[in-house]
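For reference, the sequence and a predicted model appear below.
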Amino acid sequence: MLSAAIFIPLVGALLLSLWRPDERLSRSAALGFSALPLLLLVWAWRRFDPSSPELFQLVEQLSWMPSIGAAYRVGLDGISLALGIMTAVLFMAASAFPVDTKDQAPQYYAWLLFLLGVCLGLFLALDLLLFYVFFDLTLVGMYFLIGRWGHGDPQRAALKFFLFTFLGSLTVLLAILGLYLASDPRTFDMAELIAAQPLAGSGAAGIVMFGFLFGFAVKTPLIPVHTWLPPAHVDAPAPASTILAGVMLKIGTFGMIRIPLVMMRDTAREFAWALAALATVSVVYGALVSLGQRNLKARIAYTSVAHMGLVVLGIAVAAWLPAADATRRLALSGAVVGMIAHGLITGALFLMAGVFWKRSGSYDMDSFGGLAGRAPRLTTLAVVGCFGGLGLPGLLQFIADFQVLAAAVDVVPVFAVIALLGLLLLAALFVQLLQDVFLGEPSSEAGGFADTGASETAAIGALLLAKRPSDDR
Amino acid sequence: MIWIVPALPMLAGLLLWVTVHQAESDSRRRGAAGVALLTACTSAVLAIVAAGFEAEASVRWGSFLEPSLSASGAAGMVAILVPLIAAPIPLYATYHEPNRGLGRLTGLLVAFIGAMQLLVLAEDLFTLMVGWELVSALSWGLIAHDWRDGQSAKAAAHALNVTRFGSLGLFLAAGAAFSSTGSFAYAQLGEVAGSMRTLLVAGIVLAAVTKSAQVPFSPWLYSAMAGPTPVSALLHSATMVAAGVYVLVRLHPVLAAEGWFSPVVLGIGLATFVGGGIAAALQGHIKKVLAASTSAQYGLMMVAVGAGFPAAALLHLFAHAVVKAQLFLAAGLAISTAGTAELRHMRLGRAMPAVALLSAIGAAALAGLPPFGAAWTKEQIVAAGGSYAAWLGLVVAAAGGLSALYVTRFQLMAFGRGDRPKPQSRLSVPVAALGALALATVVLSIAWIPGLEPALDAVGLSELPAGKPWELVVSIGAVILGVYAAFGLDRARRLARLGVARAGWIGDWFGIPTVAEKAVVQPWLRLAKAAATFDRVVDRGVERSAQAGRWASRVTARLGERGVDEIVEALAAAMAGLGRWAASSAELIVDRVVKTAAGATGYVARDASRIHTGMLHHNYLFVAVGTIVLTASAAVWS
């Protein structure tokens, strides 16, 4: 069943690339092929038992390379279920959002579907080798989406994105191999590796841990390996930005939780302090740099660095504490909610940036102003999105902020205080964005600015209205 | 059931916003007013029921969050009074404010009451924070109501940022509570001890001081004046600003356990009471006079809390809320009649005698003149100060003269005898709203009737200080002196500036806004710009090192004539060839299957081959070397 959720979009991608229908049909097909996995995952959610003692549920297994201990294994726990559903929702919104496909609609939607399949595969994989395969394939999908349908200097941005994150994925591969070689009997099975804790007490554990953290930090991204993010976001088409921020950044933090946090508990504790420090710097630095941007999309892109820093702070706090600790669970819960919240809210904000590009070909905040009169629907969406981003109660980000910071105060109070500064900056920068772009005297640009159409409103609105799909454990 | 108390106004507010876009017709206007009034009254009635049953409720929400409400004790009483005091304000708004955006204004005002109710009834720090932040966000929308005016948007951002800074304290407090008790519930806050208790109390005090506009955060209330007058009336009476003092009262037993709590709160409160009084006395903008006065009055309540008599603070909160709402509504009518907010262009006593009289009642109460209720509650705080230390009672009583001075100045300049013609517009409903509040002020005079203690005891507010007769004499004497001084200065035509050279600077909160702008806001914005530039430098560094890597690999490739390099090169070439072959064959297949020009597919193929040629040999090199290293190290260690 889970395999169907992974392969239906892949099959859809293949069909679209061979059959090549026209623009409208391609889009409907993409919507349909991304709705099916969503339905399947919702069905899986209904069957999911949060109180079960099993580590993973709904496991499906197929022998693949038994000689090296690799197999096709998929299944889910609370975290991958939540992320999987969010992924499907985001892809539906991204497919629904109208975009200039440069007369290559089938290819564009095929790549989107391909990316959906591999992202779902990544979140549902229970085998390290399978995980890595999907991990690398996501890069390929995003590379083409940015390179072919981007604007500005898309080739350069795409290549930079690819090289940078590929470097990260190489260190992850090496770390996976290290973990594999230390296991006895050798296996890529995640559940077995969690039980075995292969590198515990070994001198190589530090190197392997560094490999994982470096690779996932590039993906997340944390300071100072974040510089691929702004050009990739600014030059990508809006739906690709949405996917990039909403889904692909989560791969980094998901990987941290999935692999080093549980498979190398002792080593994770040793690295927790450094990780928390890096995360805290990311929160403040990301927010600060974002406040310094006058490019709408760059500003949103840098808030991702801050928000993802908060998620990593939660993970670092969790890594610090023994498995049964209440604060650890609070921190993890906050981190997971933070991933979902960031995915939905930032996803919506990027689609909104796409509206600006389509209307005016510009992201310059100074050239707008007073749009509230011309575009009331867009303004409403923007107000909800920005207040969501700064952590208004009622929207998810607040729950994430609250839980992560409450847990951080318990363990690393000094970092918590510094991270709070980032929260204040986030509030300032989002409100300034609203103020400069939507309020005040209407600018000359605002004259011909059309409000959002039905499908744009629906795509953005759906993301903002989406609720937390399940209670993680 | 208790959830309806906050939920009803929030939903009704949303409904009003969506349905009433612009109140072109009188029926719509009446409808909006009716819904608003009905909502507020229903919320109050429900709160009465909830308080009567001491209702409590909580929902389990995830593993750690359990939002809970309770209507027992002070919470229930505040929840009854908040919507009652606020009720006339949306009514006034629907008949006094311009049509444009009236639905949004009324809707947000009503929703605001709901958010405040949530904050009041909260029984844990999470719920408190939800209400706290909702109030901040809604106030942003209310202050920026005239969004076409860039200044009001800016003012709204200022107010939001300052209160947001304070709410960071609540994050710390919540963390401290969870770290010691594993929960956010008020009931368990008493168990928090040691450094975590210091953090808890410090966080809550920071939040309360910013929200209640105490020194040095007071100027955000001036910014809040950019909103329409009903907004000011609501924010300054029983909501928003009240939240700070209310939380200190609500959590007083926990907070007072920390030794520094009393002196700190007392000091901040006293500084704001005196500073705000001076600022109000020299301010020329009618609403800003009242704003500075609000800070000062909440400072007075802080003094009561610091002196250990939260009940006195709460009673003054009620009395002040009624009076301040009343004065703001009067000020709004004065502004719309005079066409300016500058006090020196008003003197509307003859033009609007009824409003002047209703305002005078509020002014007398705020000045502290018996028999009004606000005067009685003020005397309780003087007594509270006196029982903390004799000097404190004396200082508070004397500083009360300052209140009398500024509020008399306000009344004389706004509604003194002038020679303006009668206003043309009929304003019966706004005046009725004003009248309702004035009536409440008069009714509150019953506070002076002796033997009221049993009634207060019933709601847990009986712990009032025993006042000394001489305090009352000094206090009333100071009030009379203040009023007399104002009349005297008026005759001497020096009321506007009181003969002070730098009145404007002092009236503008002693230049705090300028200092904050120059010392806090500007440096941060500059830092942000610098960080953005720095980030580009970091990026360039990364690119340079990538270029250096490429250059190094080229050099190595040229130098390495044999050995591993050559093998790897050959392997890479083979792989690249394979990639090209795969790409071209893919193109071929697609071409055959689909009989269209394969331009797009060629693009795919070219891109694919670029990835292959560009990356594969790196990939394999890394994998090969890495595998060797890891195998070796695993062999050594295992």
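Everything's here; your move. Fair warning: this is a prediction, and the values are worked out from it, not measured in the lab.

so who does A:Leu419 touch?
Careful, residue A:419 is Ala; it's not Leu. By C-beta atoms under 8 Å, 6 or more residues apart in numbering or on different chains, the contact list for A:Ala419 reads A:Ala279, A:Thr280, A:Val283, A:Val284, A:Gly309, A:Leu310, A:Leu313, A:Leu405, A:Ala408. In short, each C-beta sits where N, CA and C put it, glycine included.

OK, contacts around whatever residue of the stretch 301-450 of chain B ends up closest to chain A?
Per C-beta to the nearest C-beta, B:Ala341 is where the stretch 301-450 of chain B lies closest to chain A, at 20.9 Å. Neighbouring residues of B:Ala341 by C-beta under 8 Å, 6+ apart: B:His285, B:Ile286, B:Lys287, B:Ile335.

quick revisit: within reach of chain B, which of the contacts of A:Ala419 are there?
A:Leu405, A:Ala408 (C-beta under 8 Å from any C-beta of the partner chain).

which secondary structure element contains the one residue in the stretch 51-200 of chain B that gets nearest to chain A?
Across the stretch 51-200 of chain B, the shortest distance to chain A (C-beta to the nearest C-beta) belongs to B:Gly175, at 2.4 Å. B:Gly175 belongs to helix B:150-181 when assigned by DSSP states H and E.

check contacts around the residue of the stretch 51-200 of chain B closest to chain A.
Applying C-beta under 8 Å, 6+ apart, the residues contacting B:Gly175 are A:Leu405, A:Ala406, A:Ala407, A:Ala408, A:Val409, A:Asp410, A:Pro413, A:Ala416, B:Leu199.

For stretch B:53-69, list every residue counted as buried.
Across stretch B:53-69, burial judged by 16 or more other C-beta atoms under 10 Å in any protein chain shown covers B:Ala55, B:Ser58, B:Ser63, B:Phe64, B:Leu65, B:Glu66, B:Pro67, B:Ser68, B:Leu69.

give me every residue that touches the first one.
The neighbourhood of B:Ala55, defined by C-beta under 8 Å, 6+ apart, consists of B:Met1, B:Ile2, B:Val49, B:Leu69, B:Ser70, B:Ala71, B:Ser72.

Dump the helix or strand immediately after the helix holding B:Gly175 in the chain to CSV, restricted to CA.
Remark: after helix B:150-181, the chain's next helix or strand is helix B:194-211, criterion DSSP H and E. Below are the C-alpha coordinates for helix B:194-211, written out as CSV (Å, rounded to 0.1, in the frame of the first residue of the first chain):
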residue,chain,number,x,y,z
GLY,B,194,15.8,27.8,42.5
SER,B,195,17.2,29.5,39.4
MET,B,196,14.2,28.2,37.3
ARG,B,197,11.9,30.2,39.6
THR,B,198,14.0,33.3,39.0
LEU,B,199,13.7,32.8,35.3
LEU,B,200,9.9,32.1,35.6
VAL,B,201,9.3,35.3,37.5
ALA,B,202,11.6,37.4,35.4
GLY,B,203,9.9,36.2,32.2
ILE,B,204,6.5,37.0,33.5
VAL,B,205,7.5,40.4,34.8
LEU,B,206,9.1,41.3,31.5
ALA,B,207,5.9,40.4,29.7
ALA,B,208,3.7,42.2,32.1
VAL,B,209,5.8,45.4,32.1
THR,B,210,5.9,45.6,28.3
LYS,B,211,2.2,44.9,27.9
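
Check the gap between the residue of the stretch 151-300 of chain A found nearest chain B and A:Leu434 for me.
Closest to chain B within the stretch 151-300 of chain A is A:Gly292: 3.1 Å, counting by C-beta to the nearest C-beta. Going from A:Gly292 to A:Leu434 by C-beta to C-beta, to the nearest Å gives 17 Å.

what about the residue of the stretch 151-300 of chain A closest to chain B, neighbour count?
Neighbours of A:Gly292 under the rule other C-beta atoms under 10 Å in any protein chain shown: 22.

Would you mind confirming that it makes contact with B:Phe534?
No: taking contacts as C-beta atoms under 8 Å, A:Gly292 lies outside contact range of B:Phe534: 9.1 Å.

which helices and strands does the strand or helix carrying A:Tyr132 pack with?
According to DSSP H and E, A:Tyr132 maps onto helix A:128-149. If you count contacts as 3 or more C-beta pairs under 8 Å, 6 or more residues apart in numbering or on different chains; DSSP states H and E, helix A:128-149 packs onto strand A:70-76, helix A:105-124, helix A:154-182, helix A:190-196, helix A:238-243, helix A:249-258, helix B:599-637.

what's the angle from that helix to helix A:105-124?
150 degrees (axes from the mean of the first three to the mean of the last three C-alpha atoms, to 10 degrees).

Low-confidence regions, the stretch 351-473 of chain A specifically.
For the stretch 351-473 of chain A, the stretches with pLDDT under 70 are A:443-451, A:453-456, A:458-473.

picking that back up, filter the contacts of A:Ala419 down to the buried ones.
Buried members of these, counted by 16+ other C-beta under 10 Å: A:Ala279, A:Thr280, A:Val283, A:Val284, A:Gly309, A:Leu310, A:Leu313, A:Leu405, A:Ala408.

And the fifth one, how far from chain B?
Looking back up the chat, that one is A:Gly309. 14 Å (C-beta to the nearest C-beta, to the nearest Å).

Which strand or helix spans the residue of chain A found nearest chain B?
In chain A, the residue that lies nearest chain B is A:Val409 (2.4 Å; C-beta to the nearest C-beta). Here A:Val409 sits within helix A:396-411, counting by DSSP H and E.

hmm, back to that, dump the contacts of B:Gly175 into TSV; add distance to A:Tyr143 as well.
Converted to TSV, the contacts of B:Gly175 look like this (distance: C-beta to C-beta, whole Å):
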residue	distance to A:Tyr143
A:Leu405	36
A:Ala406	39
A:Ala407	36
A:Ala408	35
A:Val409	41
A:Asp410	41
A:Pro413	42
A:Ala416	38
B:Leu199	47
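
returning to that earlier point: excluding chain neighbours, what is closest to the residue of the stretch 51-200 of chain B closest to chain A?
Nearest residue to B:Gly175 in three dimensions, chain neighbours excluded: A:Val409, at 2.4 Å (C-beta to C-beta, 6 or more residues apart in numbering or on different chains).

now do B:Phe415
B:Ala356 (3.6 Å).

burial count for that neighbour?
By the criterion of other C-beta under 10 Å, B:Ala356 has 23 neighbours.

tilt between the top strand by length along chain A and strand A:70-76?
For chain A, the strand with the greatest residue count under DSSP state E is strand A:57-65. Per the same axes, to 10 degrees, the angle that strand A:57-65 makes with strand A:70-76 is 170 degrees.

residues of strand A:57-65 that come out buried?
With the criterion 16+ other C-beta under 10 Å, strand A:57-65 contains buried residues A:Gln57, A:Leu58.

so which of the contacts of B:Ala341 is the most crowded?
Highest neighbour count within these: B:Ile286, with 28 neighbours (other C-beta under 10 Å).

I'd say that residue and B:Glu342 touch.
Yes: with contact defined as C-beta under 8 Å, B:Ile286 reaches B:Glu342; the gap is 7.4 Å.

Spit out the residues that contact those two alike.
Here B:Ile286 and B:Glu342 have no joint contacts, going by C-beta under 8 Å, 6+ apart.

Can you list the residue ranges for strands in chain B?
With DSSP E as the criterion, chain B has strands at B:56-58, B:68-70.

Take those strands and lay them out in JSON lines including distance to B:Val35 and mean pLDDT.
Formatted as JSON lines, the strands of chain B follow (distance: least, C-beta to C-beta, whole Å; pLDDT from 0 to 100):
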{"stretch": "strand B:56-58", "distance to B:Val35": "26", "mean pLDDT": "85"}
{"stretch": "strand B:68-70", "distance to B:Val35": "24", "mean pLDDT": "90"}
